[in-house]
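K.L.:
My questions concern the predicted model and sequence given below.
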Amino acid sequence: MNNELIKFSEDELCTLLASWGYPRFRGKQVFEWVHHHHASSFDEMSNLPKDLRKRLADEFPLNAIALLDRQVSQDGTRKYVVRLSDGTLVETVGMPVFKKDGSIDRLTVCVSSQVGCPMACRFCATGREGLTRNLEASEIIAQVALVQKDFKNRVSNIVVMGQGEPFLNYEEVLSALRILNSSQDFNIGARHITISTCGLITGINRFAEEPEQFTLAVSLHSAIQRKRDALMPNVSQQPLPLLKEALRAYTQKTNRRVTFEYLLIEGANDSEEDLQALIEFCEGLLCHVNLLPVNTVDGSPLKPSSEETANHWVTSLSSHGIETSFRRSRGSDIDGACGQLKNKMKRVQD
């Protein structure tokens with residue numbers, strides 16, 4: 001039996017409740033509360049009998065999340081720290097793009113897939129704390145529902161780029177994305193849903209076989225093995241030649257490009273040698289390079305590259321036919337680095 005109510009189809013819910021002695025239409029009501037209204041408690045399901053609500057609560061306790069902190073950036077980005085039912089904390093980010101009249105054109109939610117992260121990347125505040133546990137699909141979906149309700153605007157895009165390595169929580173992440181994509185739920189287009197991985201080859205190979213047209217991003221950060229290993233020590237078992245081979249197979253299988261996330265870090269991965277290595281790595285791949293300035297993390301010596309360096313990289317990559325963009329960090333004035341706000345809240349609580 002599914003351990004989360006949100007994973008049941010409408011027909012499965014009708015059948016389940018019929019087996020409990022209730023009319024089948026009760027299953028449709030429960031489905032609507034869970035998938036259309038995104039109820040955070042059974043008490044909200046006001047048109048259900050109390051005895052049914054109690055049984056549902058006993059059989060399928062909701063993985064409710066509670067808002068612990070919310071910060072709003074000057075650019076409109078909102079960053080949330082949420083407490084899960086077991087007391088652990090994760091971060092979620094809502095990133096709006098505005099029309100000229102001030103209304104929201106697009107709303108992207110960056111969700112976390114794990115509490116903490118085992119990858120220990122040097123530039124990431126979350127990596128310092130290690131892994132606590134995987135999130136369940138309902139906890140991932142609840143992050144999106146929270147942001148949608150807070151903005152009072154439909155979520156149009158999802159990026160699984162928050163805390164955690166999503167391919168280490170593959171089943172729950174894919175379950176969540178399929179529900180978010182479903183026309184019976186958030187109805188977010190598959191091509192507007194992106195998974196970001198540190199480059200786990202087995203996950204990439206598996207992802208290539210999925211029928212949905214979800215998109216893939218890879219945190220690269222260096223195309224020189226020794227430098228990448230220094231920045232991302234727990235990905236050293238995923239050598240760059242094998243990663244490129246997996247990505248070539250992925251693009252050939254899906255006919256979808258892969259996006260490379262590349263943090264430009266002064267003196268660490270922004271030399272001319274680094275640039276040439278990235279150009280060579282991209283050769284023969286259907287890809288897009290997304291350059292970003294590294295976020296400042298408390299206690300970290302890493303600093304973003306100069307604007308002049310960033311512009312040079314964009315020009316050079318583009319001149320080699322590599323589609324490239326430079327994206328400034330959203331919410332940099334509100335503890336923008338992943339994990340930084342959450343870690344601050346934990347220190348306050350302690």
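P.N.:
Structure's in. What do you need?
K.L.:
I'd say residue 240 and residue 223 touch.
P.N.:
Yes - Residue 240 is in contact with residue 223 according to Cβ atoms under 8 Å; the separation is 6.5 Å. Where C-beta positions appear, they are placed from N, C-alpha and C, glycine not excepted.
K.L.:
who has more neighbours, those two?
P.N.:
residue 223 (23 against 18; other Cβ atoms under 10 Å).
K.L.:
re the thing from before, between residue 240 and residue 223, what contacts are shared?
P.N.:
Common neighbours of residue 240 and residue 223 (criterion: Cβ atoms under 8 Å, 6 or more residues apart in numbering): residue 281.
K.L.:
Tell me which residues of stretch 180-199 come out buried.
P.N.:
By 16 or more other Cβ atoms under 10 Å, the buried positions in stretch 180-199 come out as 180-181, 185-186, 188, 190, 192-199.
K.L.:
Stretch 57-71: end-to-end distance?
P.N.:
End-to-end distance of stretch 57-71 (Cα to Cα, to the nearest Å): 32 Å.
K.L.:
how far out from the middle of the chain is that stretch?
P.N.:
Counting by Cα atoms, centre = their mean, to the nearest Å, stretch 57-71 is centred 19 Å from the centre of its parent chain.
K.L.:
Show the contacting residues for residue 26.
P.N.:
Contacts for residue 26 (Cβ under 8 Å, 6+ apart) come out as 14, 17, 48, 52.
K.L.:
tell me which element the residue nearest to the third one when sequence neighbours are not counted is part of?
P.N.:
The spatial neighbour of residue 48 that comes closest, neighbours along the chain excluded (Cβ to Cβ, 6 or more residues apart in numbering), is residue 29 at 6.1 Å. Secondary structure from DSSP states H and E places residue 29 in helix 25-35.
K.L.:
need the next SSE after that helix, C-terminal direction.
P.N.:
Downstream of helix 25-35, the first helix or strand assigned by DSSP H and E is helix 50-59.
K.L.:
quick revisit: avg pLDDT for the helix holding residue 29?
P.N.:
On average, the pLDDT along helix 25-35 is 97.
K.L.:
Can you give me the buried ones in that helix?
P.N.:
26, 27, 29, 30, 31, 32, 33, 34, 35.
K.L.:
repeat for stretch 227-236
P.N.:
227, 228, 229, 231, 232, 235.
K.L.:
Please pull out the lowest mean pLDDT helix or strand from this structure.
P.N.:
helix 340-349 (a mean of 48; mean pLDDT, DSSP states H and E).
K.L.:
which stretches of the chain form helices?
P.N.:
Secondary structure of the chain (DSSP state H): helices located at 10-19, 25-35, 50-59, 137-151, 170-181, 201-207, 225-231, 240-254, 272-282, 307-319, 340-349.
K.L.:
so can I have JSON lines of those showing distance to residue 69?
P.N.:
Output for these, formatted as JSON lines (distance: least, Cβ to Cβ, whole Å):
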{"stretch": "helix 10-19", "distance to residue 69": "34"}
{"stretch": "helix 25-35", "distance to residue 69": "27"}
{"stretch": "helix 50-59", "distance to residue 69": "28"}
{"stretch": "helix 137-151", "distance to residue 69": "12"}
{"stretch": "helix 170-181", "distance to residue 69": "23"}
{"stretch": "helix 201-207", "distance to residue 69": "31"}
{"stretch": "helix 225-231", "distance to residue 69": "29"}
{"stretch": "helix 240-254", "distance to residue 69": "36"}
{"stretch": "helix 272-282", "distance to residue 69": "37"}
{"stretch": "helix 307-319", "distance to residue 69": "31"}
{"stretch": "helix 340-349", "distance to residue 69": "5"}
